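Enquirer: Build me a structure from this.
(chains A, B and C)
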Amino acid sequence: MYAQMIKSTGKGVKSLDEMEPDERAFQERINAGGKIEPKDWMPDGYRKTLIRQIGQHAHSEIVGQLPEGNWITRAPTLERKAILLAKVQDEAGHGLYLYCAAETLGVSRDQLTRDLLSGKMKYSSIFNYPTLTWADMGAVGWLVDGAAIMNQVPLQRTSYGPYARAMVRICKEESFHQRQGFDIMMKMANGTEAQRKMAQDALNRFWYPSLMMFGPSDENSVHSAQSMAWKIKMNSNDELRQKFVDQTVPQAEYLGLTVPDEHLKWNEDRGSYEFSEPDWDEFFDVLQGNGPCSVDRMEARNKAWDEGRWVREGLLAHAEKKRARKMAAE
Amino acid sequence: MSDPLFEFLCRMGDNTLVLGHRVSEWCGVAPVLEEDIALANTALDLIGQTTLWLNLAGEVEGKGRDADALAFRRDVWDFRNVLLVEQPNGDFGQTMMRQFLFDVWHKGYLTALQDSKHDQIAAVAEKSLKEVTYHLERTMDTVIGLGDGTEESHNRMQKALDKLYPYVGELFVRDDVDDAMIAAGIAPDPAALRADFDAVLDAVLREATLTKPESDFAHKGGKSGQRHSEHLGHMLAQMQWLQRTYPDATW
Amino acid sequence: MSSPESGSYDATEAAPHGKPRATEWPLWEVFIRGQHGLSHRHVGSLHAADAESAIKNARDVYTRRNEGVSIWVVEASAIAASSPEEKGPLYEPSNDKVYRHPTFFDIPDEVGAM
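Expert: Below you'll find the model as predicted:
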């Protein structure tokens, strides 16, 4: 997911009886499907976990602009260029909505940005993989956005109001992203020999990294249990991964492409696919900053931030001068 | 000279194509998220306008070429954009200054073009003008804000203006193609639009505390296609690479 | 880079919502009235150096340039708030950017929901 391995601060989920009145009222409201709004009382752990989660999600959108941005200037037609540009622009918008949601919890966007740039905060592992051919634009939309939607749709019902509202807006925009990706894959899979080869190669490279997006199994994680009690995590990682595989395998078959997993098999009794786990050592390597593009991504973000400083300062200084002149004139 | 109407439409479409491409290079790396999103909107508008102009050019030419064929399968000497738009992005200030100078011209030109006797051209001009009016509102504010902002932002904007001003003159050059368009009532006389351009430019520069270079020297050769800068070839190498490498593919 | 489990927000000195930091543009709340004579509604927030650019940014971020909408922006720090319960905002993409609509892409029925 765009938010991976978020550590909640709880030591285990408290029962209602163990809670002080404030916390109990808070938890009962969540249990009843109510929303928590910025000015409501909330446990410190809830606030901090949400900042981490929403911040990481926002960072993922922003860093996620880079692998697709890599192809905007090489898009093969004017329409494809416009579509891709609109999609990457949406990601900037999603990042913006999410930063704003995080800001309601008392942290500034600048602070979150500094924490991303210093490496203190993370973004999704998936964006540390390179986009090497035009088919990757298809694979990213189809697989990466497809996996993200699995998580984002249920998050529209998350307990924190500003986060839920951001997710509603994001999901509405996100649906076109996955479809445009699949549309590219269809063109490639039904195209020339070279295009088919690119499509298969893209699936080969993005399949396991997409499965990793859901994070390692969290069945026994106290953090996940607490987040689920708070309704800021709606499903277990395994549950979503299974759902993703079950949805995606038939789509790959439709494209005439082969999922790179020799153990992939339909299980009639279970009504779902059996599949191989991704290489979790690779996942942890990527999280440690050893992804194929980790260094490039952070350099690109840092460069944009540093080179933009004079612009942000310049426009702010002008606004202040303007205000001062207006005051002096009154 | 090839068909002047075709030439004219290529000029319009190539300007927006090349500038739209340049602006799209900012996607994901702008100074602040709000600017990133706004720049993408500008690029999207320009790409949309390109499609309209170049499809019309292809129609007029009558050889079965559409906007994509013209955008992705012509070489440098066939491009008819002014030199200003193919100049590299530089820093954010240079990009904004280039956009501002182009927007002022573009708005004036499209306004006049709405009265074209050619209905399709008048319609494209009218649609584009709505978008371009907003582009100009934005770049005007930005040029003023950064010119008047801090010492650093002021210096950068002055440097950008000094660098790009020699590319302004080409926007107002009148040549054989223009003569033919004027005679047919299709397009305005570019030279006649200079006074209005200067009025806007001077007003904005004054508020931005920037100084217009004294020399009116103008680089030329983009609009006529006779001599582009070296930058265009590199841009096309990137932009056209997929279409050129896999000529049989559809995308 | 440290692992994602290691960082914590404990060290962060969080600024109160809406209060600008030294170089950060102020936060603005955005209210938009669509074309149908409804009242302005809150759609989200953004950062801008001043009110004029906040309106322009709102146009770019929250309407993707739909014509004919009316935009209000209010500096977030100027808002006094109780504890509101609001419904989620809806988003209508610009009418001429049809590719933003999922239905622009024909996905064959066999492929299933997407």
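
Enquirer: residues in the stretch 51-200 of chain B within reach of chain C, list them.
Expert: B:K130, B:E131, B:Y134, B:E137, B:R138, B:D141, B:G145 (CB under 8 Å from any CB of the partner chain). Where C-beta positions appear, they are placed from N, C-alpha and C, glycine not excepted.

Enquirer: Drop anything exposed from those.
Expert: Buried members of those, counted by 16 or more other CB atoms under 10 Å in any protein chain shown: B:E131, B:Y134, B:R138, B:D141, B:G145.

Enquirer: Please identify which helix or strand holds the fourth one.
Expert: For B:D141, the element it lies in under DSSP states H and E is helix B:119-148.

Enquirer: in that helix, what's buried?
Expert: For helix B:119-148, using 16+ other CB under 10 Å, the buried residues are B:121, B:124-125, B:127-129, B:131-132, B:134-136, B:138-148.

Enquirer: Give me the contacts around the helix or strand just after that helix.
Expert: The helix or strand immediately downstream of helix B:119-148 is helix B:151-164, counting by DSSP H and E. Identification of contacts with helix B:151-164 by CB atoms under 8 Å, 6 or more residues apart in numbering or on different chains yields A:310-311, A:313-315, A:317, B:84, B:87, B:90-91, B:93-94, B:96-98, B:101, B:143, B:146-148, B:205, B:208-213.

Enquirer: can you pull the contacts of the closest residue to C:G34 other than its chain neighbours?
Expert: Counting by CB to CB, 6 or more residues apart in numbering or on different chains, C:G34 lies nearest to C:V69, which is 6.0 Å off, once chain neighbours are set aside. By CB under 8 Å, 6+ apart, C:V69 lies in contact with C:I32, C:R33, C:G34, C:Q35, C:R59, C:T63.

Enquirer: Which of these scores worst on pLDDT?
Expert: Looking at the contacts of C:V69 by pLDDT, the weakest one is C:Q35, with 71.

Enquirer: Pick out the residue in chain A sitting closest to chain C.
Expert: Of all residues in chain A, A:G289 sits closest to chain C, at 3.3 Å by CB to the nearest CB.

Enquirer: tell me which element the nearest residue to A:P292 once chain neighbours are set aside is part of?
Expert: Closest residue to A:P292 apart from its sequence neighbours, by CB to CB, 6+ apart: A:P130 at 5.5 Å. For A:P130, there is no enclosing helix or strand under DSSP H and E.

Enquirer: Pretty sure A:P130 sits against A:C293.
Expert: Yes: applying CB atoms under 8 Å, one finds A:P130 in contact with A:C293, separated by 5.3 Å.

Enquirer: Residues that sit against both of those two, list them.
Expert: A:P67.

Enquirer: Distance-wise, check B:E151 relative to B:V204.
Expert: 20 Å (CB to CB, to the nearest Å).

Enquirer: which regions of chain C sit below the pLDDT cut-off?
Expert: Low-confidence segments of chain C (pLDDT under 70): C:1-22, C:65-68, C:83-105, C:113.

Enquirer: And the strands in chain C, which stretches?
Expert: Secondary structure of chain C (DSSP state E): strands at C:27-33, C:41-47, C:70-75.

Enquirer: near chain B, anything from the shortest one?
Expert: It refers to strand C:70-75. No: Strand C:70-75 stays clear of chain B (CB under 8 Å from any CB), getting no nearer than 12.0 Å.

Enquirer: Partner strands of that strand, with direction?
Expert: Strand C:70-75 has the following strand partners under DSSP bridges: strand C:27-33 (antiparallel).

Enquirer: give me the low-pLDDT residue ranges for the chain?
Expert: Since you didn't name a chain, this refers to chain A. For chain A, the stretches flagged by pLDDT under 70 are A:1, A:9-11.

Enquirer: actually it's chain B I care about, not the one you picked
Expert: For chain B, the ranges with pLDDT under 70 are B:1.

Enquirer: burial count for residue 57?
Expert: Because you didn't say which chain, this covers chain A. Residues near A:H57, counting by other CB atoms under 10 Å in any protein chain shown, number 31.

Enquirer: oops, chain C please
Expert: There are 27 residues near C:N57, going by other CB under 10 Å.

Enquirer: Tell me if I'm right that it and C:G44 touch.
Expert: No: here C:N57 lies out of contact with C:G44, judged by CB under 8 Å, at a distance of 11.0 Å.

Enquirer: picking that back up, which one's more surrounded, B:E151 and B:V204?
Expert: The neighbour count for B:E151 versus B:V204, taken as other CB under 10 Å, is higher for B:V204 (19 against 10).

Enquirer: Please report the distance of the residue nearest to C:G34 from A:E18.
Expert: Relative to A:E18, and taking CB to CB, C:V69 is found at 50 Å.

Enquirer: Skip the chain neighbours and tell me the closest residue to B:S215.
Expert: Using CB to CB, 6+ apart, the closest residue to B:S215 is B:P166 (7.6 Å).

Enquirer: quick one: the one you found from chain A, how far?
Expert: 24 Å (CB to the nearest CB, to the nearest Å).

Enquirer: residues contacting that residue?
Expert: Counting by CB under 8 Å, 6+ apart, B:P166 touches B:P213, B:S215, B:F217, B:A218, B:H219.

Enquirer: what number of residues lie near the residue of chain A closest to chain C?
Expert: Neighbours around A:G289, by other CB under 10 Å: 16.

Enquirer: thinking it is in contact with A:R297, fair?
Expert: No: the criterion here is CB under 8 Å, and A:G289 misses it with A:R297 at 9.8 Å.

Enquirer: related to what we said a few turns ago, of A:P130 and A:C293, who's got more company?
Expert: In terms of neighbours (other CB under 10 Å), A:C293 is the more surrounded of A:P130 and A:C293; the figures are 19 against 12.

Enquirer: how much space between the more buried one and A:D136?
Expert: Relative to A:D136, and taking CB to CB, A:C293 is found at 12 Å.

Enquirer: ok, now B:W26?
Expert: Applying CB to CB to B:W26 and A:D136 gives a distance of 21 Å.

Enquirer: Tell me which of the two has more neighbours.
Expert: A direct count of neighbours by other CB under 10 Å for B:W26 and A:D136 places A:D136 higher, at 26 against 22.

Enquirer: For my notes, confirm A:A252 occurs in a strand.
Expert: No: using DSSP: H, G, I helix; E, B strand; the rest coil, the secondary structure at A:A252 is helix, not a strand.

Enquirer: Number of residues surrounding it?
Expert: Neighbours around A:A252, by other CB under 10 Å: 21.

Enquirer: need the strands for chain A, in chain order.
Expert: Listed in chain order (using DSSP E), the strands of chain A are A:265-267, A:272-274.
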